[in-house]
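> A predicted structure for the sequence below; I have some questions about it.
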Amino acid sequence: MQKQARKQITLYSDGSSLGNPGPGGYGGILEFKGTRKEYAGGDAHTTNNRMELLGVIEGLKMLKEPCDVEVISDSSYVVKAINEWLEGWIKKDFKKVKNIDLWKAYLEAAAPHRVHGTWVRGHNGHPENERCDELARNEAEKFKAMA
């Protein structure tokens with residue numbers, strides 16, 4: 001019996017915060033064979049890095065089976081952590097690491113998948129990154145308006 005290949009998913013994500021900390025939002029796009037699903041959310045009092053990371057977590061949580069996931073983000077914090085830093089952080093039990101709660105949530109959400117991060121320059125005309133930025137900013141603005 002042949003092992004079925006994993007689905008190749010592209011997860012575009014961005015985070016925004018109006019003030020750091022302040023009202024914030026994240027936006028994302030999941031893409032599979034040309035089909036796209038957008039998602040967004042936010043928090044009344046947060047930081048940009050938390051929103052960047054939460055955007056990736058929420059996208060991973062939407063996947064219903066193990067996938068190969070390419071995370072495309074303009075956050076070098078998120079991309080470098082996924083590709084380089086996480087292993088060391090786990091070994092030292094996250095000592096002196098910020099956003100431990102979210103990194104542990106990321107590990108749980110990422111566990112069934114093979115995840116690789118790819119960094120793109122923000123605000124540089126990348127259509128999906130620009131759309132994620134717009135979704136994230138809109139969410140942050142909603143929380144700001146409620147304050």
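Looks like it arrived, so ask away.
> pLDDT on the longest helix belonging to the chain, on average?
Determined from DSSP state H, the single longest helix within the chain is helix 127-146. The average pLDDT for helix 127-146 rounds to 96.
> which parts of that helix are buried?
Under the neighbour-count criterion of 16 or more other C-beta atoms under 10 Å, helix 127-146 has 128-133, 135-137, 139-140, 143-144 buried. Yep, even glycine has a C-beta here, placed from its N, CA and C like the rest.
> what's that helix in contact with?
Here helix 127-146 makes contact (C-beta atoms under 8 Å, 6 or more residues apart in numbering) with 12-18, 22-29, 31, 38-44, 51, 55, 72-74, 120, 122-123.
> Which PyMOL command selects the buried ones in these?
To isolate the buried members of these in PyMOL, using 16+ other C-beta under 10 Å:
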select buried, resi 12+13+14+15+16+17+18+22+23+24+25+26+27+28+29+31+39+40+41+42+43+51+55+72+73+74
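> What about the contacts of helix 127-146, which are in strands?
12-17, 22-29, 31, 38-44, 72-73 (DSSP state E).
> quick one: contacts for the residue nearest to the spatial centre of the chain?
Per C-alpha atoms, centre = their mean, the C-alpha nearest to the average position across the chain is that of V56, at 1.9 Å. V56 makes contact with 11, 13, 28, 71, 73, 78, 82, 106 under the criterion C-beta under 8 Å, 6+ apart.
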